[in-house]
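S.K.: Below: sequence and its predicted model.
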Amino acid sequence: MQRLATYSDGAGNKIVYSGSIEQNIQIKFTGSNNLLVVSDGARIGRLSVDFDCHNGVLQIGSSHGVPAFSGSIRVGQDSKVLIGDNVSTTSTVAMSATEGTTIRVGDDVMFASENQIRADDGHPIFDVRTSKRVNVSKSITIGNHVWLARGAVVLGGASIGDGTVIGYGSIVTRKIPNNCVAAGVPAKVVRRDTAWERPHLSLIKPFYKPDASTVKKSKYWNLTEDEAPKASSRPTAAKRALRKALCTIRAAKRLVRSAG
């Protein structure tokens with residue numbers, strides 16, 4: 001269908017939206033019991049949605065004071081794409097969730113151009129010896145007030161903390177903490193304890209912004225939180241004492257055998 005408005009059919013597919021948008025809309029229900037919920041306050045620039053299977057959910061939050069959201073979204077079997085409030089895009093962001101995965105995008109997230117958020121690879125890859133899947137689909141979490149620069153991609157199993165910037169052309173495959181800049185393939189933290197704001201350098205005065213006095217600070221100014229330290233692979237004192245005692249016992253047994 002080429003219209004975003006309240007809808008239901010005999011297969012249990014539903015659209016919940018009080019308004020009506022008829023331009024740049026393409027929604028396709030192939031399966032059953034799928035649900036599309038769009039907030040009454042949402043700003044939609046372009047929306048293409050494929051509900052390929054059954055029991056899929058897509059939610060899009062409200063928007064105020066930021067550019068419109070444009071997305072090309074695939075929702076597979078038992079999967080969810082949950083988009084928060086004030087999520088904006090420069091061009092159309094592509095998202096795909098299949099095999100029971102969830103893509104969760106927080107509030108005040110800014111997508112640039114050519115971004116992709118993929119919880120799946122689209123096609124299965126198997127190990128020839130075991131026949132097991134090697135590219136299992138995994139859920140994705142993008143926190144609040146995250147900025148993805150042009151060409152940045154987020155893949156299955158990744159998570160991004162609040163207030164973080166993902167650099168140009170980067171590919172996120174792992175956990176990225178809050179309030180940092182991460183870049184590269186795969187993306188790694190290149191600067192910590194950072195905060196970003198929406199005012200454009202050439203569109204919003206002042207046209208020089210040398211320090212934070214030139215912008216209104218959001219609530220996302222925080223220091224980067226370290227991850228919990230990993231358990232040490234070195235043996236503890238108790239383990240070392242136990243090993244020493246066992247060695248002593250084994251040595252004593254060998255002496256007894258040789259004496260006999």
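M.R.: Happy to help now that I have it. Numbers count the residues shown, from 1 in each chain.

S.K.: wait, isn't Asn13 in contact with Ile27?
M.R.: No: at 9.4 Å, Asn13 does not count as touching Ile27 under the criterion of Cβ atoms under 8 Å. For the C-beta atoms, the positions are set from N, CA and C on the backbone; glycine is no exception.

S.K.: Now do the shared contacts for those two.
M.R.: Overlap between the contact sets of Asn13 and Ile27, as judged by Cβ atoms under 8 Å, 6 or more residues apart in numbering, is given by Phe51.

S.K.: Could I get the pLDDT score of Asp226?
M.R.: For Asp226, the model assigns a pLDDT of 76.

S.K.: so how many other residues sit close to it?
M.R.: Close neighbours of Asp226, defined as other Cβ atoms under 10 Å, add up to 8.

S.K.: quick one: contacts for it?
M.R.: Going by Cβ under 8 Å, 6+ apart, the list of residues near Asp226 reads Pro177.

S.K.: now Ser159
M.R.: Listed by Cβ under 8 Å, 6+ apart, the contact partners of Ser159 are 140-143, 175-176.

S.K.: again with Ile44
M.R.: So Ile44 contacts 4, 21, 24-25, 38, 60, 68-70 (Cβ under 8 Å, 6+ apart).

S.K.: Which of those fall in strands?
M.R.: Secondary structure assignment (DSSP state E) places 25, 38, 60, 69-70 from the contacts of Ile44 within strands.

S.K.: Please check the residues you listed and keep the buried ones.
M.R.: By neighbour count, with 16 or more other Cβ atoms under 10 Å, the ones in strands among the contacts of Ile44 hold 25, 38, 60, 69-70 as buried.

S.K.: From those, pick the one nearest Thr194.
M.R.: Looking at these and their distance to Thr194, the nearest is Phe69, at 24.8 Å (Cβ to Cβ).

S.K.: ok, the closest one touching Gly41?
M.R.: No: here Phe69 does not reach Gly41: they are 11.5 Å apart, not a contact under Cβ under 8 Å.

S.K.: quick one: common contacting residues for the two?
M.R.: By the contact definition Cβ under 8 Å, 6+ apart, Phe69 and Gly41 are jointly contacted by Ser63.

S.K.: Tabulate the contacts of Ile44 in a markdown table, adding columns for pLDDT and distance to Ala158.
M.R.: Conversion of those to a markdown table gives the following (pLDDT from 0 to 100; distance: Cβ to Cβ, whole Å):
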| residue | pLDDT | distance to Ala158 |
| --- | --- | --- |
| Leu4 | 97 | 29 |
| Ile21 | 95 | 31 |
| Asn24 | 97 | 29 |
| Ile25 | 98 | 29 |
| Val38 | 98 | 26 |
| Ile60 | 98 | 21 |
| Ala68 | 97 | 25 |
| Phe69 | 98 | 21 |
| Ser70 | 98 | 22 |
